[in-house]
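1. after the sequence you'll find the predicted model.
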Amino acid sequence: MSIKTIGLTKYFGNLCAVDNVNLDVGNEIFGLLGLNGAGKTTTVLMLTTLLKPSIGEAYVCDFDVVREAGEVRKVISYVPQDMAVDIKLTGRENVMLYARLYGVADRNKRVDEVLGLMGLAGRANDRVNSYSGGMRRRLELAQALVHEPRVLFLDEPTLGLDVAARKKMWEYISLLKENGVSIFITTHYMDEADKFCDRVAIMDRGKIVAMDSPAKLKDSIKSLSIKETSLDDVFLQKVGAGGEQGGFDEYKFRTLLRRRK
Amino acid sequence: MKEIFYYFERDLKRWMRSGKSVFSSLAMPAAWLVFVGLALPIRFTDNYLDFITPGILVMTMLFASLQGGTLLIFDKILGFLNKFLALPAPRESILFGKILFIAFRGLLQSTVILVMAVLLGVKMHSFMTVPLTYLVLFIFGVLFSAIATTIALLVDDYDSYSAMNSMASMPLFFTSSALMPYEMMPQWLRIIASLNPVSYAIDTVRALFSGNFLLDGMFGLIAMVIVVLTVSVYVFRKATV
C-alpha cells in the first residue's frame, strides 16, 4: 500500500481542516476532489511531512509520516501548486539542484534523461524565464522525477495550463503510473479526474464524503437523473452547490444588473 | 554538509544573474564614504575618512545582512521552501545555506567599499589587516544574517519584513560607534553604543586598521553568533514541522 491513513485529523485552533480521513492508495492515480478550503492541501501537507497531524496516523510506503519523516521524504516527491522554479536558472540547473539534493547517483545522465522524458531536452540550457507555463510545469515534474520516487504528490498539476499543455501533462502522469509510481493528485477539474483518475475521493469541509472509481460514483447516482451523469453531478450531489454560504445573493445581483441597462 | 553548498550555489547564481541589483546595493555605503567621509567638517580628527571607513564597512555588511532576510521570505511565499522541506536532504542546510550566502554576498560588497576607501587614501596598518578585517566582517555578517533569516521565518509577508528591516537598520547604525568616538558621545548614547553589537564589529575593525587586535570585541561577536545560531535553528525547527 503506497498511502494509508487512519483517522487522519488536523485542527487549526478550533477549525477542523481535515476530519477523520481514512485512505488507502495503491499503485494508481488517486484524485482528491473538493472545493477551495475543503482540506485537500492540508491533507497533502500532512502526507508529505510538511505538517503534523493533530490526531490519527498516516503511512507512506509503510513509513510513518511523523516518526519516520526522513524515510518518507526519500520515497516521495511533492509538487505544490505554486510553480516554484528558479526563472534565472536554466532548465538543467533547476533539475540538477534537485538531483544533488536527493543525492542521485550518476547525476548528469539522470538529469538529461528526465529532461528528455518531459520533452525539455531542446531547451534545457535556456533560462526558465523564457519557458511557457506548460514547460515550467513539466520542469517541476522533471525535478520531482529525478530521484525516481515511489509516490508522487501533485497539487493542482494542470492549474492555469492551456488545453494542449493539460493533455500532455496527463499523458506524462499516466505514463508514470504505468511505470509503477503511485500518484496522488488534488484537482478542481472534474472532467480530468473523470478521464484520468483510477479512483477519486470527494472531500467536503474536511471529511471524505465519497470514494470510488469515477464510473462507479456516476452509476451510484444514475437513478436520480435521466440524462447521462458526469462526475460534476456526483460532486454537486455530495457536496452541494453552495461553496461559500451567504456570500452571493442572486436576487440582489439580478436587480443590480437590471439597473445597469 | 554539501547540501549547504548546493543551496548556497543556487542563491549565488540567482544573485549574479540579477543584473543591476548586484551593484545598486553598493550605492548607499559608497555615498556615505564619499559624501560623509570626505565632506563632513569634523573637529575631533583631521582625517575623518580614516575614522569612518571601518564604520562604513560594517554598515555595508549590516545592510546586506538585513536585506538578505527577504530571500527566505520569497522562498516561503513562492513555494520553494515547501519543496525543499519535502526533500530528504537535512532541513537545516536550507537555513545554513542562506546564512552563508548572505554573509558571503556582504563580504563581496564590503570588498568594493574597501577598494574604494583605499583609492581615496585610507591607510591600513599592515597587509594582515585585510584578512583579519574580512574575518571580523564575516563573523558579524553571520550574526546579522542569522538574525535576519530568523525574523524572516517568523513573519509572513514581505511588507512586514521590510518594515522591520527599515525600523532596525538605521537606528542600529546611528547608535553604534560608526560616526564618532565614545568620548564625543552624549552620556545616553555612549551607553547604548557600548552595548550595540554593531559597535563591537566597528571597534574591532577600527583597532585592526591601526594595528591593534581587540580580543574581547572578537569574542563578544563569536559568543553572540553562537547564541543567535542556536535560536535560529530552534525557530527553524519549530516553524517547519
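-> Right, received. Where do you want to start? Numbering: from 1, shown residues only, chains lettered A, B, ... in the order given.

2. give me the secondary structure label for the residue of the stretch 51-200 of chain A found nearest chain B.
-> Across the stretch 51-200 of chain A, the shortest distance to chain B (Cβ to the nearest Cβ) belongs to A:D82, at 3.0 Å. C-beta here means a position set from N, CA and C on the backbone, and glycine is covered the same way. At A:D82, secondary structure determined by DSSP: H, G, I helix; E, B strand; the rest coil is coil.

3. from A:D155, how far off is the residue in chain B that chain A sits nearest to?
-> The nearest approach of chain B to chain A comes at B:G79, 3.0 Å away (Cβ to the nearest Cβ). Distance, B:G79 to A:D155, using Cβ to Cβ, to the nearest Å: 9 Å.

4. which residues are in contact with each of the two?
-> A:80-81 (Cβ atoms under 8 Å, 6 or more residues apart in numbering or on different chains).

5. which of these two has more neighbours?
-> A:D155 (22 against 18; other Cβ atoms under 10 Å in any protein chain shown).

6. show me which residues of chain B sit near chain A.
-> For chain B, the contact set with chain A under Cβ under 8 Å from any Cβ of the partner chain comprises B:2-3, B:6, B:10, B:13-14, B:17-18, B:78-80, B:82-89, B:240-241.

7. let's see which of these end up in helices.
-> B:2-3, B:6, B:10, B:13-14, B:80, B:82-85, B:240 (DSSP state H).

8. quickly find the element holding the residue nearest to B:L132 when sequence neighbours are not counted.
-> Nearest non-adjacent residue to B:L132, counting by Cβ to Cβ, 6 or more residues apart in numbering or on different chains: B:L208, 5.2 Å away. Counting by DSSP states H and E, the element that carries B:L208 is helix B:197-209.

9. and that helix, average pLDDT?
-> Helix B:197-209 carries an average pLDDT of 92.

10. which other helices and strands contact the worst-scoring helix or strand of chain B on mean pLDDT?
-> Ranking every helix and strand in chain B by mean pLDDT, DSSP states H and E puts helix B:21-24 at the bottom, with a mean of 74. Packing partners of helix B:21-24 (3 or more Cβ pairs under 8 Å, 6 or more residues apart in numbering or on different chains; DSSP states H and E): helix B:2-16.

11. can you check the pLDDT for the closest residue to A:I6 other than its chain neighbours?
-> Spatial nearest neighbour of A:I6, chain neighbours left out: A:E57 (4.7 Å); criterion: Cβ to Cβ, 6+ apart. Each residue has a pLDDT score; the one for A:E57 is 93.

12. do A:K222 as well
-> Taking A:K222 on its own, its pLDDT is 69.

13. one more: B:L189?
-> Here, the pLDDT recorded for B:L189 equals 93.

14. where in chain B is pLDDT low?
-> Of all residues in chain B, none has pLDDT under 70.

15. farthest residue from the center of it?
-> Largest separation from the mean C-alpha position in chain B: B:P88, at 30.9 Å (Cα atoms, centre = their mean).

16. that residue contacts A:R100, correct?
-> No. With contact defined as Cβ atoms under 8 Å, B:P88 does not reach A:R100; the gap is 11.9 Å.

17. how about the helix holding B:L208, which residues are buried there?
-> Of all the residues in helix B:197-209, those buried under the rule 16 or more other Cβ atoms under 10 Å in any protein chain shown are B:197-209.

18. sorry, back to before: neighbouring strands - and their directions - for the helix or strand hosting the residue nearest to A:I6?
-> If you go by DSSP H and E, A:E57 is part of strand A:55-60. Looking at strand A:55-60 with DSSP bridges, its partner strands are strand A:3-12 (antiparallel), strand A:63-64 (antiparallel).

19. show me how far the helix or strand that the shortest one is followed by is from its chain's centre.
-> Pointing back at strand A:63-64 there. Going down the chain from strand A:63-64, the next helix or strand is helix A:69-75, by DSSP H and E. Centroid separation between helix A:69-75 and its chain, computed with Cα atoms, centre = their mean, to the nearest Å, is 19 Å.

20. now stretch B:139-158
-> For stretch B:139-158 - counting by Cα atoms, centre = their mean - the centre lies 11 Å from the chain centre.

21. can you point out the buried residues in it?
-> Neighbour-count burial for stretch B:139-158 flags B:139-153, B:155 (criterion: 16+ other Cβ under 10 Å).

22. and B:N47, how many neighbours?
-> 13.

23. same deal with B:P41?
-> B:P41 has 5 nearby residues by other Cβ under 10 Å.

24. tell me which element it is part of?
-> Applying DSSP H and E, one finds B:P41 in no helix or strand.

25. repeat for A:I202
-> Per DSSP H and E, A:I202 falls inside strand A:199-204.

26. quick check: the nearest residue to B:A207 once chain neighbours are set aside vs A:A201, distance?
-> Distances taken as Cβ to Cβ, 6+ apart put B:L214 closest to B:A207, at 4.3 Å, once the chain neighbours are dropped. Distance, B:L214 to A:A201, by Cβ to Cβ: 65 Å.

27. how about a markdown table for the strands paired with strand A:55-60, with mean neighbour count and mean pLDDT added?
-> Converted to a markdown table, the strands paired with strand A:55-60 look like this (neighbours: other Cβ atoms under 10 Å in any protein chain shown; pLDDT from 0 to 100):
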| stretch | mean neighbour count | mean pLDDT |
| --- | --- | --- |
| strand A:3-12 | 18 | 94 |
| strand A:63-64 | 16 | 95 |
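
28. which one, of those, ends up nearest to A:I185?
-> Between A:I185 and the strands paired with strand A:55-60, the tightest spacing by Cβ to Cβ is seen for strand A:3-12, at 12.0 Å.

29. the closest one: how far from the chain's middle?
-> Here strand A:3-12 is found 17 Å from its chain centre; the criterion is Cα atoms, centre = their mean.
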